[in-house]
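Colleague: Only the shape, not the letters, is given here:
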């Protein structure tokens with residue numbers, strides 16, 4: 001089936017990525033060992049490169065494993081504007097894309113886990129970023145509103161859009177159209193887990209080559225364990 005083929009492709013991509021990393025480590029180790037000098041800048045450079053590759057790989061693996069685990073939600077009162085700005089600031093490479101935050105500081109508060117809420121918004125923004133980065137006028141808007149005991153977050157981009165068939169499976173693990181070392185098909189699966197842990201809901205509306213909108217509904221005061 002297509003799902004099995006997709007899983008096989010992603011697993012092969014992951015293994016290929018880490019195979020290349022270990023090949024690099026092995027090559028750098030061989031260069032350092034074969035150096036004719038006991039102490040040299042070249043050996044130090046090889047060792048620094050090995051350390052950087054190892055550290056970055058461990059961080060990446062740890063992050064992906066954490067995304068597969070159950071979110072340990074602890075609530076406290078947070079300003080949604082602060083959460084949104086923190087998520088946007090994590091995207092260090094903007095590539096001329098415009099990020100619009102449609103709410104003001106102190107306008108909306110919610111009982112939530114600030115860390116996981118930033119993670120949730122950031123992972124959606126990464127998805128939107130990939131959808132608009134080829135556009136000459138890429139734009140992503142994050143809108144916040146509230147009604148009764150619910151907070152609404154809408155993240156809209158003017159990117160490539162998604163088919164209804166793809167949307168039906170977008171929150172399944174190992175579903176991705178972006179096969180690279182930073183995309184294992186876990187990001188939106190992680191998003192759904194965070195929203196569910198907050199007792200919330202997420203919906204997607206999209207049109208090919210026009211836009212995609214993620215609509216997230218979160219209870220402003222869910223019945224979960226509170227921060228002491």
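Modeller: Alright, I've got the coordinates. None of the values given here were measured: they were computed from a predicted structure.
Colleague: can you pull out the strands in the protein?
Modeller: With strands called from DSSP state E, the chain shows them at 76-79, 98-102, 109-112, 139-147, 150-157, 201-207, 211-219.
Colleague: for these, which one sits closest to residue 85?
Modeller: Nearest to residue 85, of all the strands of the chain, is strand 98-102, at 6.7 Å by Cβ to Cβ. Every C-beta, even on glycine, is put in place using the N, C-alpha and C of the backbone.
Colleague: pLDDT weak spots in this protein?
Modeller: Within the chain, the ranges that satisfy pLDDT under 70 run 1-16, 35-39, 58-70, 174-185, 223-228.
Colleague: show me what contacts residue 118?
Modeller: Residue 118 is in contact with 83, 86, 87, 90, counting by Cβ atoms under 8 Å, 6 or more residues apart in numbering.
Colleague: Quick check, the third one in contact with residue 128.
Modeller: No - the pair formed by residue 87 and residue 128 falls short of the contact definition of Cβ atoms under 8 Å, at 11.2 Å.
Colleague: Neighbour count: the two, which is higher?
Modeller: residue 128 (26 against 23; other Cβ atoms under 10 Å).
Colleague: now that one, nearest residue through space, not along the chain?
Modeller: Of all residues not flanking residue 128 in the chain, residue 157 sits nearest, at 3.8 Å (Cβ to Cβ, 6 or more residues apart in numbering).
Colleague: just residue 90 next, same as before
Modeller: In space, and not counting its chain neighbours, residue 90 is closest to residue 122: 5.1 Å by Cβ to Cβ, 6+ apart.
Colleague: what sits against the one you found?
Modeller: With contact taken as Cβ under 8 Å, 6+ apart, residue 122 is in contact with 87, 90, 91.
Colleague: Just give me the neighbour total for residue 172.
Modeller: By other Cβ under 10 Å, the residues close to residue 172 number 15.
Colleague: ugh, wrong one, I meant residue 130
Modeller: Here the number of neighbours of residue 130 (other Cβ under 10 Å) works out to 16.
Colleague: how close does the residue nearest to residue 90 get to residue 115?
Modeller: Residue 122 is 11 Å from residue 115, where distance means Cβ to Cβ, to the nearest Å.
Colleague: so of the strands of the chain, which one's packed in deepest?
Modeller: Among the strands of the chain, ranked by average contacts under mean count of other Cβ atoms under 10 Å, first place goes to strand 109-112 (a mean of 22).
Colleague: Could you double-check that residue 101 lies in contact with residue 89?
Modeller: No - in this structure, residue 101 is not within contact of residue 89 by Cβ under 8 Å, at 11.0 Å.
Colleague: what's the overlap in contacts for those two?
Modeller: Contact criterion Cβ under 8 Å, 6+ apart; no residue bridges residue 101 and residue 89 by contacting each.
Colleague: what sits against residue 98?
Modeller: 137, 138, 139, 140.
Colleague: Go again with 7 Å.
Modeller: 138, 139 (Cβ atoms under 7 Å, 6 or more residues apart in numbering).
Colleague: Mind listing the residues bridging to it?
Modeller: Assessed by DSSP bridges, residue 98 has beta-bridge partners residue 139.
Colleague: distance of it from residue 90?
Modeller: Taken as Cβ to Cβ, the span from residue 98 to residue 90 is 17 Å.
Colleague: can you check residue 195 too?
Modeller: Distance of residue 195 to residue 90, given as Cβ to Cβ: 18 Å.
Colleague: mind listing what the most centrally placed residue in the chain touches?
Modeller: Nearest residue to the geometric centre of the chain (Cα atoms, centre = their mean): residue 123, 2.8 Å. Counting by Cβ under 7 Å, 6+ apart, residue 123 touches 187, 188, 190, 191.
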